[in-house]
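Engineer: only geometry, no sequence info:
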């Protein structure tokens, strides 16, 4: 593994050192706040920072003298304080969102673009119009008008013609003419035209040949070559030559004709204009694969992975998408796990990779063990530091206590397996829950999750259940910011007794039926591509064995299927079971129960605790009365072993998640 340290620059625009990058990255520059594709940018390599700057923004001067809008005093580069965000630029009127130039004498402020590239107050001979144009500050939102060139609404500063009524131009569009000679298509001029004027039925011909975005209103087009550019790529063309040693030993030249080729870095077939070639070698690379990092960490693997230009390994499968990886092209591999390989494109997906390049950074091992051993079978856990926990090898609680006592981490019964117990208070942890790491990589965010206990219930978007106890948190992904310890225990490959083959994480936008419960799910699911088998997180985390008040023996999860014959009736709700769905059964007594009747939607909440949901308070209670209460929402008898009691003037009970939402 190459450990060469990349050059880092301490530039005045950012508090952390910045690294240069040859990658083609789409996003917003944290300096000028302009969004689009950045080439040859600078980025921050600090964890959780994610800042990226245009090259010229990152290299902005510390001081500007004789600025045309404020020549009397020097302007100094300044990082805006959070409380100052939204301050208008004194030159263009736009809100200043980040770095700016300020005058320490008279508090004059201009944003980064107006400081380094101020627009002239008058353009006497514009290319886009026949008359002189004058600069106007940002308009009020109610006074927004369309730009004469791109037809998009003007929300910021603009240029206006004093001779023509209601003629305005964006600052960038004022330099665009009706016909341009573009470096990416030098054989013929490109003409500006409305998007709908292209009569070709293929929408691909209306999309930009460089960024593949389809312009809404106007575009530049060559009718001879059927070559199209959006206005953004017309203003900011990609570089003709890229010199990046990480990608290739020789300079790479932009290839301007549409060709079909296999990218040497990604090993994927490309049929487009977005390629760079080496004029000395048989080397072609797609633009998105230029400047890929050499050493990174992704959330699908515990170790670092490093890029190699030639995998040289037959039969390898990608650890992310599970598809074959060619031995003749570039890929990422793990030096510790010889069989672990990832496609280049899969590895640098920002849903997996945090954006931090680890080349030259020594690997440090963090102490993520959640407890300290203080004696034989004695530990002090970080979630219960006031007392020592004892490992009970032969758990022998009196009577039915083993059915009532719950683990503080997963809120499940502690009746199976080894248990840690506090000898001074009723604090119990399954042995496996006691070993939950304080920091863990999960596939739902590119940065690690932290183990926490907040003392309140949260909703897990994976299993669709409210969960008390311990949970893993990550503030970067709002939909999956909380993951309960049940869902976080699933890792790839996931082996379950309910299916012959290992399962892998898949994220889907369309709802797909779970093969265990037949309920439709979107988002993350577990999938076997060989059998087209899907498993939702609720079913994946169902316990294989559980105690229930209806039986003296433990219940076992039965995985259903076509082999289940005859009619089975649920012992709790007395309704017929669908034999193709998973359910619980007692092999000693032969009783059968729905999974929801055994567990319900509130089984991961601690009884006698209060939770708050949509400004109402609920008490978590056990449904162990002789006569089951009626649900306030659906008016049926509550079947689940754990239900909610409403603490308001009407009181009443709630039996399920759907009924909880129906209350409002």
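Structural biologist: That came in fine, so what should we check first? Small disclaimer: the values here were computed from a predicted structure and weren't measured. Numbers count the residues shown, from 1 in each chain.
Engineer: all strands of the stretch 301-450 of the chain, in order?
Structural biologist: 305-308, 331-333, 341-342, 371-375, 378-381, 389-392, 419-422, 428-430, 439-440, 449-452 (DSSP state E, counting those that start in this stretch).
Engineer: what about stretch 150-160, average pLDDT?
Structural biologist: For stretch 150-160, the mean per-residue pLDDT is 86.
Engineer: for it, which positions count as buried?
Structural biologist: 150, 152, 154, 156-160 (16 or more other Cβ atoms under 10 Å). All C-beta atoms are positioned from the backbone trio N, CA, C, and that covers glycine.
Engineer: what of stretch 18-30?
Structural biologist: 18-25, 29-30.
Engineer: what does stretch 600-609 give?
Structural biologist: Within stretch 600-609, the residues that qualify as buried are 600-607, counting by 16+ other Cβ under 10 Å.
Engineer: would you map the helices across the stretch 501-650 of the chain?
Structural biologist: With DSSP state H, counting those that start in this stretch as the criterion, the stretch 501-650 of the chain has helices at 537-540, 595-598.
Engineer: of all these, which lies closest to residue 647?
Structural biologist: helix 595-598 (24.5 Å; Cβ to Cβ).
Engineer: residue 156 contacts residue 144, correct?
Structural biologist: No. With contact defined as Cβ atoms under 8 Å, residue 156 does not reach residue 144; the gap is 9.4 Å.
Engineer: follow-up on the earlier one: tell me which of the buried residues of stretch 150-160 is nearest to residue 365?
Structural biologist: Closest to residue 365, out of all of these and judged by Cβ to Cβ, is residue 156, at 49.3 Å.
Engineer: ok so, going back, among the helices of the stretch 501-650 of the chain, which is nearest residue 186?
Structural biologist: Among these, helix 537-540 sits nearest to residue 186 (Cβ to Cβ), with 53.9 Å.
Engineer: for that closest one, what is the average pLDDT?
Structural biologist: Mean predicted confidence for helix 537-540 is 94.
Engineer: just the strands in the stretch 1-150 of the chain please.
Structural biologist: In the stretch 1-150 of the chain, the segments counted as strands under DSSP E, counting those that start in this stretch are 18-20, 25-28, 35-38, 42-44, 52-53, 63-64, 75-79, 87-88, 95-96, 99-102, 109-111, 122-123, 133-136, 145-146.
Engineer: now the ones you listed as CSV including mean pLDDT?
Structural biologist: Output for the strands of the stretch 1-150 of the chain, formatted as CSV (pLDDT from 0 to 100):
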stretch, mean pLDDT
strand 18-20, 88
strand 25-28, 84
strand 35-38, 82
strand 42-44, 89
strand 52-53, 90
strand 63-64, 92
strand 75-79, 89
strand 87-88, 86
strand 95-96, 86
strand 99-102, 90
strand 109-111, 91
strand 122-123, 92
strand 133-136, 92
strand 145-146, 87
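Engineer: and residue 450, which of those strands is closest to it?
Structural biologist: strand 42-44 (21.6 Å).
Engineer: partner strands of that closest one, with direction?
Structural biologist: strand 18-20 (antiparallel), strand 52-53 (antiparallel) (DSSP bridges).
Engineer: got the ones you listed as a markdown table, with distance to residue 494 columns?
Structural biologist: Shown next, in a markdown table, are the strands paired with strand 42-44 (distance: least, Cβ to Cβ, whole Å):
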| stretch | distance to residue 494 |
| --- | --- |
| strand 18-20 | 36 |
| strand 52-53 | 35 |
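Engineer: report the helix or strand with the lowest average pLDDT across this protein.
Structural biologist: Lowest mean confidence among the helices and strands of the chain (mean pLDDT, DSSP states H and E): helix 401-404, at a mean of 61.
Engineer: farthest pair in the buried residues of stretch 18-30?
Structural biologist: Using Cβ to Cβ, the pair of those lying farthest apart is 22 and 30, separated by 18.6 Å.
Engineer: what sits against the spatially most central residue of the chain?
Structural biologist: Centroid-nearest residue in the chain, with Cα atoms, centre = their mean: residue 351, separated by 4.4 Å. By Cβ atoms under 8 Å, 6 or more residues apart in numbering, the contact list for residue 351 reads residue 446.
Engineer: you'd agree residue 79 is up against residue 99?
Structural biologist: Yes. Counting by Cβ under 8 Å, residue 79 touches residue 99, with 5.6 Å between them.
Engineer: overlap in contacts of these two?
Structural biologist: Contact criterion Cβ under 8 Å, 6+ apart; residues shared by residue 79 and residue 99: residue 13.
Engineer: so those two - more neighbours on which side?
Structural biologist: Taking neighbours as other Cβ atoms under 10 Å, residue 79 and residue 99 compare with residue 99 leading, 22 against 12.
Engineer: dump the residue contacts of that one.
Structural biologist: Counting by Cβ under 8 Å, 6+ apart, residue 99 has contacts 13, 30-31, 57, 60, 77-80, 112.
Engineer: nearest to residue 529 among those?
Structural biologist: Lowest distance from residue 529 to those (Cβ to Cβ) belongs to residue 30, with 39.2 Å.
Engineer: look up how far residue 286 lies from the closest one.
Structural biologist: 26 Å (Cβ to Cβ, to the nearest Å).
Engineer: same thing with residue 524?
Structural biologist: 28 Å.
Engineer: do residue 155 as well
Structural biologist: Here residue 155 is placed at a distance of 34 Å from residue 286 (Cβ to Cβ).
Engineer: residue 129 now?
Structural biologist: Taken as Cβ to Cβ, the span from residue 129 to residue 286 is 38 Å.
Engineer: ok, residue 647 next?
Structural biologist: Taking Cβ to Cβ, one finds residue 647 at 59 Å from residue 286.
Engineer: on that earlier part again, need the strands of the stretch 1-150 of the chain in CSV with distance to residue 210, can you?
Structural biologist: Shown next, in CSV, are those (distance: least, Cβ to Cβ, whole Å):
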stretch, distance to residue 210
strand 18-20, 22
strand 25-28, 12
strand 35-38, 8
strand 42-44, 22
strand 52-53, 19
strand 63-64, 33
strand 75-79, 32
strand 87-88, 34
strand 95-96, 30
strand 99-102, 28
strand 109-111, 27
strand 122-123, 28
strand 133-136, 28
strand 145-146, 25
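Engineer: out of those, which is closest to residue 440?
Structural biologist: Per Cβ to Cβ, nearest to residue 440 of those: strand 42-44, 24.4 Å.
Engineer: starting at the chain centroid, how far to the closest one?
Structural biologist: 20 Å (Cα atoms, centre = their mean, to the nearest Å).
Engineer: other residues contacting that strand?
Structural biologist: For strand 42-44, contacts defined as Cβ under 8 Å, 6+ apart pick out 9, 11, 14, 16-21, 25, 50-53, 55, 58, 355.
Engineer: and for residue 341, the neighbour number?
Structural biologist: When neighbours are defined as other Cβ under 10 Å, residue 341 has 24 of them.
Engineer: show me where pLDDT drops low in this protein?
Structural biologist: For the chain, residues meeting the criterion pLDDT under 70 lie at 1-8, 82-86, 139-142, 199-205, 272-273, 366-367, 393-403, 561-566, 663-664.
Engineer: how's this protein carved up into domains?
Structural biologist: Listed domain ranges for the chain are 63-116, 122-175, 179-235, 241-289, 371-434, 439-488, 504-540, 610-662 (source: automatic domain parsing).
Engineer: buried deepest among those domains, which one?
Structural biologist: Neighbour counts (mean count of other Cβ atoms under 10 Å) averaged over each of those peak at domain 439-488, with a mean of 19.
Engineer: got the end-to-end distance for that domain?
Structural biologist: Domain 439-488 has an end-to-end distance of 11 Å (Cα to Cα, to the nearest Å).
Engineer: and residue 557, what does it touch?
Structural biologist: Residue 557 sits next to 497-498, 542-546, 582-584, 595 when contact means Cβ under 8 Å, 6+ apart.
Engineer: residue 568 touches residue 592, doesn't it?
Structural biologist: Yes. The pair residue 568 / residue 592 is scored as a contact, 4.3 Å apart, by Cβ under 8 Å.
Engineer: the more surrounded of those two?
Structural biologist: residue 592 (22 against 19).
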